[in-house]
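Enquirer: can't give you the sequence, but here's the structure:
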């Protein structure tokens, strides 16, 4: 049958793609995984060997099931093929789960890196998963490939004097924009000498993760540094971290002693994440954060000793988690809407004083939409709430949630929360796991509609409560719908598993 003019079959389309220049086919391959790239070999004859020269190479010794010689031979052959055909390798990923790179095979990695540098490698990722040992030698050439823009080294090394002498000779690629170093043991002097030996005019992202031996990280000369991340173990959290570049946009610190210059103007910083930081952080009160949108403070225990003021007029999200109530005040914000997420652990019991302090925090954040989640482990909450009812005007809260509670103390905990805040929603609760808690909440909230005489405490507590509704979450439609306690057994957990109470206050 003769084809109409302009009509194309699917085979024509395949042929037209196959006829594209090889560099475009390689670009297509760049976005595929190794497995996906191999599958393209069955599309047609022109595609049969395209995957063999894709610009991304990824090797893992796990695929060779202990055959060390075959693992090395395949990599050697692959790199030779690219070299002979004068092809580029944009990315090279090498994962090692065994200790191949001991002293006697040190030269193998060095040889591969030199070949990849010649092939124009821009991104290199080296990682190992050795549980009972280390890779004893990491050639400095790993850091030096001239074309390198993105380096990710996740590898456990030893820290012998010979290693330190090798690292002292490192000269980083002048095109390097991203540096991620994990589990590479080094010393302060070697690290600072390495980063100061070159002006680093291009580097934009630096991540130091679990690098044992670092005790003082001082980064002041990286003029284009935008993203900085530091992670260490709690046992090594005394490491001092000084960062001052005004170009910074994100700073993420997990454990460590963070130091900012007093009065510093972080004009470009839009995200600050602090987890387990050991410094008081009082110097933050004198700094300016005109662009800060995200502030996260988790388990920063020295906050307990200070009153913190944050000058961040464009804040969008503030997140706090800890086992004490901090004193935090934000400058007047220009954001139309911003949110505060407060997660508090009350391990020793939520007393009247505890709730009074909590109300002070909520009041200081009242310009934001507040989500309050209380983690409660104590069983000592009975009979302390009457002392705080009616003292001050409760604060409006978008959502009030609870975790790790026991049904025996939950009633007292909920009453205490209602004494200081007016939540629009309470929950969510899991439909099956928390059914007893759901019944408990309904019993408390429905007192006002029971027609029975309320005690003085309950009357004060619920005098502003106008309406209570039970809602269930539809996972398919991603919306909350009205329901009732009697209807809950009829819902399928696969489609509906979350319950909340919607409250309307006068």
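Expert: Thanks, I have it. All values reported here derive from a predicted model rather than from experimental measurement.

Enquirer: find the nearest non-adjacent residue to residue 425, please.
Expert: Among residues not flanking residue 425 along the chain, residue 399 sits closest, at 4.7 Å (C-beta to C-beta, 6 or more residues apart in numbering). C-beta coordinates here come from the backbone N, C-alpha and C atoms, glycine included.

Enquirer: residue contacts, that neighbour?
Expert: Shown in contact with residue 399 (C-beta atoms under 8 Å, 6 or more residues apart in numbering): 371, 372, 423, 424, 425, 426, 427.

Enquirer: and the pLDDT at residue 17?
Expert: Residue 17 carries a pLDDT value of 64.

Enquirer: cool, residue 285 as well?
Expert: Note for residue 285: predicted pLDDT of 93.

Enquirer: dihedrals phi and psi, it?
Expert: phi -70, psi -20 (degrees, to the nearest 10).

Enquirer: can you tell me the closest non-neighbouring residue to it?
Expert: residue 309 (4.2 Å).

Enquirer: which helices and strands sit right next to the helix or strand hosting the one you found?
Expert: Under the criterion of DSSP states H and E, residue 309 resides in strand 307-310. For strand 307-310, the packing partners by 3 or more C-beta pairs under 8 Å, 6 or more residues apart in numbering; DSSP states H and E come out as strand 327-330.

Enquirer: now the strand it packs on: buried residues?
Expert: Across strand 327-330, burial judged by 16 or more other C-beta atoms under 10 Å covers 328, 330.

Enquirer: residues contacting residue 286?
Expert: Counting by C-beta under 8 Å, 6+ apart, residue 286 makes contact with 262, 263, 264.

Enquirer: ok, and the most crowded of those?
Expert: In terms of neighbours by other C-beta atoms under 10 Å, the contacts of residue 286 top out with residue 264 at 17 neighbours.

Enquirer: now it. Its backbone dihedrals?
Expert: Note on residue 264: its backbone torsions stand at phi -70, psi 150 [degrees, to the nearest 10].

Enquirer: I'd assumed residue 244 was in contact with it.
Expert: Yes - the pair residue 264 / residue 244 is scored as a contact, 6.7 Å apart, by C-beta atoms under 8 Å.

Enquirer: closest one to residue 229 out of the contacts of residue 399, please.
Expert: residue 371 (26.0 Å; C-beta to C-beta).

Enquirer: quick one: residue 486 is in a helix?
Expert: Yes - membership of residue 486 in a helix is supported by DSSP: H, G, I helix; E, B strand; the rest coil.

Enquirer: do you know how far it is from residue 501?
Expert: Distance, residue 486 to residue 501, by C-beta to C-beta, to the nearest Å: 16 Å.

Enquirer: try residue 371
Expert: Here the distance between residue 371 and residue 501 works out to 15 Å (C-beta to C-beta).

Enquirer: more neighbours, these two?
Expert: residue 501 (21 against 18).

Enquirer: list the contacts of that one.
Expert: 425, 426, 427, 441, 442, 445, 468, 469, 470, 471.

Enquirer: residue 426 is in what secondary structure piece?
Expert: Short version, using DSSP H and E: residue 426 is in strand 421-430.

Enquirer: next: residue 340.
Expert: Using DSSP H and E, residue 340 maps to strand 339-346.

Enquirer: beyond that strand, next helix or strand please.
Expert: According to DSSP H and E, the helix or strand after strand 339-346 is helix 352-364.

Enquirer: what angle separates that following helix from strand 339-346?
Expert: Orientation check (axes from the mean of the first three to the mean of the last three C-alpha atoms, to 10 degrees): helix 352-364 against strand 339-346 gives 170 degrees.

Enquirer: what's the next helix or strand after helix 352-364 in contact with?
Expert: Helices and strands here follow DSSP H and E; after helix 352-364, the next one along the chain is strand 369-376. Strand 369-376 has contacts (C-beta under 8 Å, 6+ apart) with 337-346, 350, 362, 395-406, 409-410, 413, 417, 421, 423.

Enquirer: just the buried ones from those residues?
Expert: So, by 16+ other C-beta under 10 Å, the buried ones in those are 338-346, 350, 362, 395, 397, 399-402, 405, 409-410, 413, 417, 421, 423.

Enquirer: which ones are touching residue 341?
Expert: Contacts of residue 341 (C-beta under 8 Å, 6+ apart): 317, 318, 319, 320, 371, 373.

Enquirer: okay, now the nearest residue to residue 467 once chain neighbours are set aside: neighbour count?
Expert: Spatial nearest neighbour of residue 467, excluding adjacent residues (C-beta to C-beta, 6+ apart): residue 504 at 3.9 Å. Residue 504 is flanked by 12 other residues according to other C-beta under 10 Å.

Enquirer: how close does residue 476 sit to residue 174?
Expert: Taking C-beta to C-beta, one finds residue 476 at 53 Å from residue 174.

Enquirer: so residue 124 touches residue 152, yeah?
Expert: Yes - checked against C-beta under 8 Å, the pair residue 124 and residue 152 is within contact range at 7.2 Å.

Enquirer: so those two - more neighbours on which side?
Expert: Per other C-beta under 10 Å, whichever of residue 124 and residue 152 has more neighbours is residue 124, with 24 against 17.

Enquirer: so what secondary structure elements neighbour the host helix or strand of the more buried one?
Expert: Using DSSP H and E, residue 124 sits within strand 123-128. Applying 3+ C-beta pairs under 8 Å, 6+ apart, one finds that strand 123-128 contacts strand 91-96, strand 150-154.

Enquirer: mean pLDDT and distance to residue 463 added to the ones you listed, as TSV?
Expert: Shown next, in TSV, are the helices and strands packed on strand 123-128 (pLDDT from 0 to 100; distance: least, C-beta to C-beta, whole Å):
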stretch	mean pLDDT	distance to residue 463
strand 91-96	86	64
strand 150-154	81	59
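
Enquirer: could I get those as TSV with distance to residue 73?
Expert: Formatted as TSV, these follow (distance: least, C-beta to C-beta, whole Å):
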stretch	distance to residue 73
strand 91-96	15
strand 150-154	24
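
Enquirer: pick out whichever of the contacts of residue 399 sits closest to residue 354.
Expert: Nearest to residue 354 among the contacts of residue 399 is residue 372, at 13.1 Å by C-beta to C-beta.

Enquirer: tell me, how many residues neighbour that closest one?
Expert: So residue 372, with other C-beta under 10 Å, has 24 neighbours.

Enquirer: re the thing from before, which among the contacts of residue 501 count as buried?
Expert: 425, 426, 427, 441, 442, 445, 468, 470, 471.

Enquirer: looking at those residues, which has the smallest pLDDT value?
Expert: Ranking the buried ones among the contacts of residue 501 by pLDDT, residue 445 lands last with 78.

Enquirer: now for the helix or strand hosting that residue, which elements pack on it?
Expert: Residue 445 belongs to helix 435-445 when elements are defined using DSSP H and E. Packing partners of helix 435-445 (3+ C-beta pairs under 8 Å, 6+ apart): helix 407-420, strand 421-430, strand 465-474, strand 496-505.

Enquirer: can I get these in JSON lines including distance to residue 83?
Expert: What follows is these, written out as JSON lines (distance: least, C-beta to C-beta, whole Å):
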{"stretch": "helix 407-420", "distance to residue 83": "68"}
{"stretch": "strand 421-430", "distance to residue 83": "58"}
{"stretch": "strand 465-474", "distance to residue 83": "57"}
{"stretch": "strand 496-505", "distance to residue 83": "56"}
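
Enquirer: out of these, nearest to residue 290?
Expert: Residue 290 lies closest to strand 421-430 among the helices and strands packed on helix 435-445, at 30.8 Å (C-beta to C-beta).

Enquirer: and residue 230, bridged to which residues?
Expert: residue 208, residue 253 (DSSP bridges).

Enquirer: what does the one 10 residues further on give?
Expert: When bridges are called by DSSP bridges, residue 240 pairs up with residue 216, residue 257.

Enquirer: begin at 666 from here
Expert: Done: numbering now begins at 666, and the last item shifts to residue 905.
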